[in-house]
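Chemist: Sharing a model prediction with you, sequence too.
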Amino acid sequence: MKSIPPKGADLSDWYTQVCLRAQLVDYAPVRGCIVLRPYGFAIWDLIREEFDRRFKATGHQNAYFPLFIPESLLAREAEHVEGFAPEVAWVTEGGGEKLTERLAIRPTSEVIVGMMYARWIQSHRDLPVLINQWANVVRWEKATRPFLRTLEFLWQEGHTAHATQAEASEEVQQMLEIYRSVAEDILCLPVITGRKSEHEKFAGAAATFAIEALMPDGKALQAGTSHELGQHFAKAYDIKFTDTDEQIKHVWTTSWGVSWRILGGVIMVHGDDRGLVLPPAIAPHQVVVVPIPKKGDDTVAVAAREIAALLQGVARTHVDDRPEQTAPWKFNEWEMRGVPLRAEIGPRDIAAGQVTLARRDTLEKVAVPREQLAARVSEILADIQRSLYARALAERERRTVVAHDRKSFVDGLVAQTGFVESLWCARTECELDIKAETSAVSRVIAGAAEPGSVCAYCGCPAPVRAFFARSY
RNA sequence: CGGGGCGUAGCUCAGCUUGGUAGAGCGCUCGGUUCGGGACCGAGAGGUCCGCAGGUUCAAAUCCUGUCGCCCCGACCA
């Protein structure tokens, strides 16, 4: 196995190589489609569990809606269909016969969910409806990359319906906060959160909120979105209920989603020249035990199994006792695959009653007495989890500049080192000008500005403070 | 959709300029010796002949035309 190009030389090439060489994915026969291999799936599964647990804890239930959406149904919400039209894949034939109506392969499920909600909701007693689904969706993208943008991708989409706008709005913020906490606490990805501009919001939404992470090349990655759909979909799909005041009203809906794209962010932010670096929380193997055999001595193999036994219940542990590969080869292999901690056990360790631990993030090795192993492993894993986040946060802060005038604003975006934070007028026209000049757009509106503030770019009155960057 | 690159063994690629009937490394299989940062020795398998379709030629991986696909950059877009 050969080494990969340095991360700093060509991030794009490095990224692709890591995805393939760490055996997360392989390319499929169809352009823009990837196979999620068992190791990649195991990681996605762990991420999924973290989200799912939090969804359940906040009262959501999982369900599953169909892949196909009749064209007539899709067309009912004008802004929504217009937004997605260019990237919808259509089924026109089935069972050898041409269909009387084309079926869209869902690019997202607001439409089909909305239609079903209309049937299920009659009374305020039926509300709120809090449903999530784990599913695949298809968006016919032109430029694709593993995880970051694929024709078909795995994600979760939550769809809720509420009696009042306030309740819907609260739901949207609650889910955004869950996204933030999983990103930061579990994936060690520092994110900025806020509202999307008119130009950047979801097609058909009243308001979109997002978490945005910064990548090493200075581009922002939208890692999760939470939408207030207002009554747009309720009106388009006739979702009504009789309220306590006996009035018939349209419900207020929300939707929120996170895809496997967020894993692409994890790969780019934490990885290094040796390959993937996984946060312990989502590492399928948190510790890999590598025996270093000695000729004619099988005590090493026994010791490796003892180490694994000591770590039972402490860490997800894998013993790599494949006889075909040498120990050094395994070191490189598991570093490529991002395992947070390696436990080496050889004749010297056995003689000294110790285990040699090697951290993936810092590449440091320490010898630990066997009796302290469990405690030290759990300490180190926790420390890796903390320090990956801290390092990423420091990096993002280092790459974020505050612009006070047009020159520093434009220079900051053209340099493309990271986020540019500034006061902003929030006008679409201004955003389009910024995009034309710098290729960057607003990522989130982080909050309100002091009265009397002016836009760093155009000088108009600025009601808000926003973050700008080029994006994936 | 525009620009660039590439299709030859499982993988990475050489061979193409100057046509002569296909190679290397890695991987794989078997046997043995090894293992503290990508081990070594020996034996062996592997390409309906070089993405596909035409054309030129006595002869095409190599020259010409077309076509399909993949990757990267850009535009567009979650």
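Modeler: Yep, that arrived. Numbering: from 1, shown residues only, chains lettered A, B, ... in the order given.

Chemist: Give me the neighbour count for residue A:108.
Modeler: 23 (other CB atoms under 10 Å). (Each C-beta comes from the backbone N, C-alpha and C, glycine too.)

Chemist: Map the structural domains onto the sequence of chain A.
Modeler: A:11-270, A:285-383, A:401-469 (automatic domain parsing).

Chemist: any idea of the mean pLDDT in the second one?
Modeler: Throughout domain A:285-383, pLDDT has a mean value of 95.

Chemist: List just the one of the domains of chain A that sits closest to residue A:279.
Modeler: Closest approach to residue A:279 among those (CB to CB): domain A:11-270, 4.5 Å.

Chemist: Does that closest one reach RNA strand B?
Modeler: Yes: residues of domain A:11-270 contacting RNA strand B under CB under 7 Å from any atom of the strand: A:12-13, A:16, A:27, A:30-32, A:83-84, A:86-87, A:107, A:139, A:141-145, A:149, A:203, A:210, A:212, A:221-222, A:225.

Chemist: Filter these down to just the ones in helices.
Modeler: Among the residues of domain A:11-270 next to RNA strand B, DSSP state H puts A:12, A:13, A:16, A:83, A:84 in helices.

Chemist: Adding distance to residue A:276, write the domains of chain A out as JSON lines.
Modeler: Converted to JSON lines, those look like this (distance: least, CB to CB, whole Å):
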{"stretch": "domain A:11-270", "distance to residue A:276": "4"}
{"stretch": "domain A:285-383", "distance to residue A:276": "3"}
{"stretch": "domain A:401-469", "distance to residue A:276": "23"}
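
Chemist: out of those domains, which comes closest to residue A:395?
Modeler: domain A:11-270 (7.7 Å).

Chemist: what about that closest one, distance to the chain center?
Modeler: From the chain centre to the centre of domain A:11-270 is a distance of 11 Å (CA atoms, centre = their mean, to the nearest Å).

Chemist: Quick one: mean pLDDT for that domain?
Modeler: 94.

Chemist: Which of the domains of chain A sits closest to residue A:278?
Modeler: domain A:285-383 (3.9 Å).

Chemist: Would you pull up the residue in the stretch 301-450 of chain A closest to RNA strand B?
Modeler: Per CB to the nearest atom of the strand, residue A:346 is where the stretch 301-450 of chain A lies closest to RNA strand B, at 2.5 Å.

Chemist: what's the answer for chain A, then?
Modeler: residue A:222 (1.6 Å).

Chemist: ok, how many other residues are close to that residue?
Modeler: Neighbours of residue A:222 under the rule other CB under 10 Å: 21.

Chemist: contacting residues for it?
Modeler: By CB atoms under 8 Å, 6 or more residues apart in numbering, the contact list for residue A:222 reads A:210, A:211, A:212, A:261, A:443, A:471, A:472.

Chemist: Likewise for residue A:422?
Modeler: A:402, A:403, A:404, A:409, A:455, A:456, A:457, A:465, A:466, A:468.

Chemist: for residue A:404, same thing?
Modeler: Applying CB under 8 Å, 6+ apart to residue A:404 gives the contacts A:422, A:456.

Chemist: Secondary structure element holding it?
Modeler: Counting by DSSP states H and E, no helix or strand carries residue A:404.

Chemist: Equivalent analysis for residue A:100, please.
Modeler: Here residue A:100 is assigned to strand A:97-105, by DSSP H and E.

Chemist: Going along the chain, name the helices of the stretch 151-300 of chain A.
Modeler: Counting by DSSP state H, counting those that start in this stretch, one finds helices in the stretch 151-300 of chain A at the ranges A:165-181, A:232-236, A:261-270, A:299-310.

Chemist: Can you add mean neighbour count and distance to residue A:332 and give these back as a markdown table?
Modeler: Putting the helices of the stretch 151-300 of chain A into a markdown table (neighbours: other CB atoms under 10 Å; distance: least, CB to CB, whole Å) gives the following:
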| stretch | mean neighbour count | distance to residue A:332 |
| --- | --- | --- |
| helix A:165-181 | 19 | 34 |
| helix A:232-236 | 23 | 51 |
| helix A:261-270 | 25 | 18 |
| helix A:299-310 | 17 | 18 |
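
Chemist: what's the closest of those helices to residue A:125?
Modeler: So among the helices of the stretch 151-300 of chain A, helix A:165-181 is nearest, using CB to CB, at 14.5 Å.
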